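> Take this sequence and fold it.
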Amino acid sequence: MRLYERLARDLETLIREGTLRAGSRAPSIRQLCRERATSPASVVRAYELLEARGLLESRARSGFFVTAAAPPPRSVPKPRRPEHVDVSELVFQILEGTRAHANVPLGSAFPSPELFPLEQLGQHLAHVSRHLDPWSTVEHLPPGSLELRTRIAQRYRLMGAEVSPDEIVVTAGALEALNLALQVVTAPDDVVAIEAPSFYGCLQAIEGAGRRAVEIPTHPQHGLDLQALERTLQRVAVKACWFMTTFHNPLGLTLASGAKQELVSMLAARGIPLIEDDVYSELYFGRERPRITKVWDRQGLVLDCGSFAKSLAPGYRLGWVAAGRFATAVRNRKITTSLATSIPIQAAVSRYLATGVYDRHLGRLRRTLAGQQQRLVDALERHFPQECRWTLPAGGYQLWVQLPAGADALQLQARALDEDISIAPGPIFSVRREFSRAVRLNYGHPWTERTEAAVRLLGKMIKSQCGRGR
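So this is what the prediction gives:
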């Protein structure tokens, strides 16, 4: 751990213990330099890290102050024990209700296919199918089309990460990329650190591979609890981490850049690989794209798994993993499991990217999703109980709703399904089936009067569960 990271950790402890109270002025840079025998640059970096975590705020010509929203003193929970995962039956049962096209798809894991240039992609697919070089069936075997891998590498450079085409392996969707990464960096019964809550696909992959999971608390606003992760790494033989640090599913949050850098540094110091589920990072709403963990990877330990399914081509099942030092192992595992990803689809998407219209499409998609998020939030304000709380993601198409005391997400899901409304209840995102008073809602579909009516009805159901509005 670097000097500024240790300093940030010590100051965070003082804040959480209440020694530095909300609203109080943090020690001056000069004071800390004298007390800790460190440089002003290290103190400034530590303060910037704490500011990124929402613990400090800078005031012009006044220095740094503990934020009013700083977390209250809290007891330090004991690290959780690794557990075998058994969630697939519950997940499959719930997901059956999200597939019916007639349902209002608030529980869907996918955006609307109407948002994507499928007609243009179809034209490119028809063209490459007619003109496909027979030798490409050999040349585009794993790691995949060099042209496509080169274009993916170029997009990594736009995100500030230096990724060579040689470390990219093209896969049949991000889920295959994630599974290949898991199989390469762990063995049966190994322990994988995951977020809590965590994407149910992660839970199912760990269950299917015979690994064990240890859950790391993840806050709907501040993200992954790095202190809890560090304590876990000190006590548990974690062989890999599987996290989603950008537009997390289901919470929607993005870990601050300083915290991402600290995460990569923490794992690199122990030689622990990070499997990064990075399928949403192109769907940011602001002017600047979030920085991804791969930006700080200097040892090839981050296996960044991406996909075109969320940003361009749902149903095409085209993904990849930028596997760093594990690229050869991932390529070999890909050959022995599914041999190759569809060669015409690789060629069609590569041809589409070459036209230069991808970023224009992404701009329209981001604006649409941001508008649909606002419509959903407005409806939640109108129809859900005042005690409900929800996240406001800066990208992606899903948000997390905390329900009031007395509500039950699984019962709510069953009642909603009877009314042709799908939602994703919190317990499917947890090894322990926790988060019984939370649901994930999807705003990736066009807003309609039927969607508004569905949110209104959900609000009534929640009030009924809580003993009101009967």
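> Could you use CA atoms for every contact and neighbour count after this?
OK.
> what are the pairing partners of the longest strand anywhere in the chain, and which direction each?
Longest strand in the chain by number of residues (criterion: DSSP state E): strand 212-219. In the sheet, strand 212-219 lines up against strand 83-84 (antiparallel), strand 191-196 (parallel), strand 223-224 (antiparallel) (DSSP bridges).
> How about residues contacting that strand?
80-85, 189-197, 206, 224-225, 228-229, 431 (C-alpha atoms under 8 Å, 6 or more residues apart in numbering).
> Apply 6 Å and report the result again.
Under the contact criterion C-alpha atoms under 6 Å, 6 or more residues apart in numbering, strand 212-219 has outside partners 82-84, 189-196, 224-225.
> just so I know, which of the strands paired with strand 212-219 lies nearest Gly54?
strand 223-224 (10.9 Å; C-alpha to C-alpha).
> picking up where we left off before, least confident of the contacts of strand 212-219?
On pLDDT alone, Glu83 ranks lowest of the contacts of strand 212-219, at 70.
> Give the burial count for it, as a bare number.
Close neighbours of Glu83, defined as other C-alpha atoms under 10 Å, add up to 16.
> show me what contacts it?
Here Glu83 is in contact with Arg212, Ala213 (C-alpha under 6 Å, 6+ apart).
> Quickly list what it is bridged to.
Applying DSSP bridges, one finds that Glu83 bridges with Ala213.
> and the closest residue to Ser58 other than its chain neighbours, what helix or strand is that in?
Excluding its sequence neighbours, the residue lying closest to Ser58 (C-alpha to C-alpha, 6 or more residues apart in numbering) is Phe64, at 4.4 Å. In the assignment (DSSP states H and E), Phe64 maps to strand 63-66.
> Dump the C-alpha coordinates for that strand into PDB.
Extracted in PDB, the C-alpha atoms of strand 63-66 (Å, rounded to 0.1, in the frame of the first residue of the first chain):
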ATOM      1  CA  GLY A  63      -8.900  23.700   3.200                       C
ATOM      2  CA  PHE A  64     -10.700  20.400   3.600                       C
ATOM      3  CA  PHE A  65     -13.700  19.700   5.800                       C
ATOM      4  CA  VAL A  66     -15.400  16.500   6.900                       C
END
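> mind showing which ranges of the stretch 351-470 of the chain have poor pLDDT?
By pLDDT under 70, the low-scoring segments of the stretch 351-470 of the chain are 468-470.
> Now render the strands paired with strand 212-219 as CSV, adding distance to Ala424.
Formatted as CSV, these follow (distance: least, C-alpha to C-alpha, whole Å):
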stretch, distance to Ala424
strand 83-84, 23
strand 191-196, 15
strand 223-224, 20
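> Leu175: which of those strands is closest?
Using C-alpha to C-alpha, the strands paired with strand 212-219 put strand 191-196 closest to Leu175, at 15.6 Å.
> so the helix or strand following the closest one versus strand 212-219, what angle?
Note on strand 191-196: by DSSP H and E, the next helix or strand toward the C-terminus is helix 200-208. If you take axes from the mean of the first three to the mean of the last three C-alpha atoms, to 10 degrees, helix 200-208 sits at 160 degrees to strand 212-219.
> what comes into contact with the strand holding Phe64?
Ala22, Gly23, Ser24, Arg25, Ala26, Leu55, Leu56, Glu57, Ser58.
> likewise stretch 249-266?
49, 52, 199, 220, 223, 245-247, 293, 393, 398-400.
> Kindly report the same for stretch 294-303.
Gly160, Ala161, Pro273, Leu274, Ile275, Glu276, Ala322, Ala323, Gly324, Arg325.
> Who are the contact partners of the fifth one?
Translated: Ile275. Taking C-alpha under 6 Å, 6+ apart, one finds Cys241, Trp242, Leu303 in contact with Ile275.
> Quickly list what the last one is bridged to.
Think Leu303. In beta-bridge terms (that is, DSSP bridges), Leu303 pairs with Ile275.
> re the thing from before, quick one: which of the strands paired with strand 212-219 is nearest Leu132?
Nearest of the strands paired with strand 212-219 (C-alpha to C-alpha): strand 191-196, 41.7 Å.
> So what pairs up with the residue nearest to Ala454 when sequence neighbours are not counted in the strands?
Among residues not flanking Ala454 along the chain, Ile421 sits closest, at 6.6 Å (C-alpha to C-alpha, 6+ apart). In this entry, Ile421 is beta-bridged to Val104, by DSSP bridges.
> What is the burial count for Ile421?
25.
> any idea how far it lies from Gly173?
27 Å (C-alpha to C-alpha, to the nearest Å).
> what's the answer for Gln123, then?
21 Å.
> which one of the two has more residues nearby?
Gly173 (23 against 13).
> For the more buried one, give me its contacts.
Ser307, Arg317, Leu318, Gly319.
> Helix, strand, or coil at the second one?
For Arg317, the secondary structure call by DSSP: H, G, I helix; E, B strand; the rest coil comes out as coil.
> where does it land on pLDDT?
94.
> Contacts only, for it.
Arg317 touches Ala172, Gly173, counting by C-alpha under 6 Å, 6+ apart.
> what would the contacts of Gly173 look like in a markdown table with distance to Val357?
Output for the contacts of Gly173, formatted as a markdown table (distance: C-alpha to C-alpha, whole Å):
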| residue | distance to Val357 |
| --- | --- |
| Ser307 | 18 |
| Arg317 | 20 |
| Leu318 | 18 |
| Gly319 | 19 |
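> Using neighbour counts, give me the buried entries of the residues you listed.
Neighbour-count burial (16 or more other C-alpha atoms under 10 Å) is assigned, among these, to Ser307, Arg317, Leu318, Gly319.
> Thank you, goodbye.
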